[in-house]
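>>> Sharing a sequence plus its predicted fold:
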Number of protein chains: 2
Amino acid sequence: MNNIFDLPSSLPKDRELFESIVSTDNISIERIISTGQTTPPGKLYDQDREEWVILLQGKAILAYADGSKIKLTAGDYLFIPAHQKHRVEYTSSEPPCIWLAVHGSMGKI
Amino acid sequence: MNNIFDLPSSLPKDRELFESIVSTDNISIERIISTGQTTPPGKLYDQDREEWVILLQGKAILAYADGSKIKLTAGDYLFIPAHQKHRVEYTSSEPPCIWLAVHGSMGKI
């Protein structure tokens, strides 16, 4: 049985770990493990598809292009519309952040 | 901020609670809270769409039509192909089961 909280015995420190769980034309579900990484200064994600993301372990801060920030703790989730520019400002390393992200062409919700 | 672990102050005892988080033509994401409910004896779910489901709190047992059983604890997840008949044999009530289910036309993975 696969468990979302089972982490590899050693995690890379220099990068996030992306693991595909479901990947099809219509939808992708992935686990992302962060250990302190953030989006490089000045850079923003600008995604073609909608994203629904939940933080399942750890603490994190997201920021939007207008400077507004969103603090996340375990269990917090949000919907990010396509092309809503955002960046990751902070991720905890102890414990590592475990994200579950669903990407797809969801349209407006 | 919405949190998947925030439960209503009182939960119905006679039924599961289904809450839509994302619902579009292509995909649905929902939270299901179980407090001991199971699939009625002799009944099996037979779904037209693929389902990816994760148990985030509690303990549960699923069963397939051939009688094989799958024990789930918090964090365990599985993919259920369309038309793979299954039923819920057990759900814990203390703590309640918190499921996150993604339904969509995912195709084969």
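Done, it's in.
>>> Which residues of chain A lie near chain B?
Within chain A, the positions near chain B by Cβ under 8 Å from any Cβ of the partner chain are A:1-6, A:21-27, A:29, A:52, A:54, A:56, A:70-79, A:100, A:102, A:104-109. Placement of C-beta: from N, CA and C, glycine included.
>>> mind listing the strands in chain A by residue range?
Using DSSP state E, the strands assigned to chain A run over residues A:2-3, A:17-23, A:27-34, A:50-57, A:59-64, A:69-73, A:76-80, A:86-91, A:97-104.
>>> In chain A, where is pLDDT below threshold?
A:107-109 (pLDDT under 70).
>>> hmm, try it at 50
Along chain A, no part satisfies pLDDT under 50.
>>> most centrally placed residue in it?
With distances taken as Cα atoms, centre = their mean, the residue of chain A nearest its centroid is A:W99 (5.0 Å).
>>> which residue sits closest to that residue, ignoring its sequence neighbours?
A:I32 (4.1 Å; Cβ to Cβ, 6 or more residues apart in numbering or on different chains).
>>> For the one you found, which residues are in contact?
A:E16, A:L17, A:F18, A:E19, A:C97, A:I98, A:W99, A:L100, A:A101 (Cβ atoms under 8 Å, 6 or more residues apart in numbering or on different chains).
>>> Filter the residues you listed down to the buried ones.
Among the contacts of A:I32, those scoring as buried are A:E16, A:L17, A:C97, A:I98, A:W99, A:L100, A:A101 (criterion: 16 or more other Cβ atoms under 10 Å in any protein chain shown).
>>> what would the strands of chain A look like in JSON lines with distance to B:T91?
Converted to JSON lines, the strands of chain A look like this (distance: least, Cβ to Cβ, whole Å):
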{"stretch": "strand A:2-3", "distance to B:T91": "18"}
{"stretch": "strand A:17-23", "distance to B:T91": "23"}
{"stretch": "strand A:27-34", "distance to B:T91": "23"}
{"stretch": "strand A:50-57", "distance to B:T91": "20"}
{"stretch": "strand A:59-64", "distance to B:T91": "30"}
{"stretch": "strand A:69-73", "distance to B:T91": "26"}
{"stretch": "strand A:76-80", "distance to B:T91": "22"}
{"stretch": "strand A:86-91", "distance to B:T91": "33"}
{"stretch": "strand A:97-104", "distance to B:T91": "21"}
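>>> Which residues are in contact with the closest residue to A:K13 other than its chain neighbours?
Spatial nearest neighbour of A:K13, excluding adjacent residues (Cβ to Cβ, 6+ apart): A:T35 at 6.1 Å. Each residue near A:T35 by Cβ under 8 Å, 6+ apart is listed here: A:L11, A:P12, A:K13, A:E16, A:T91, A:S93, A:P96, A:C97.
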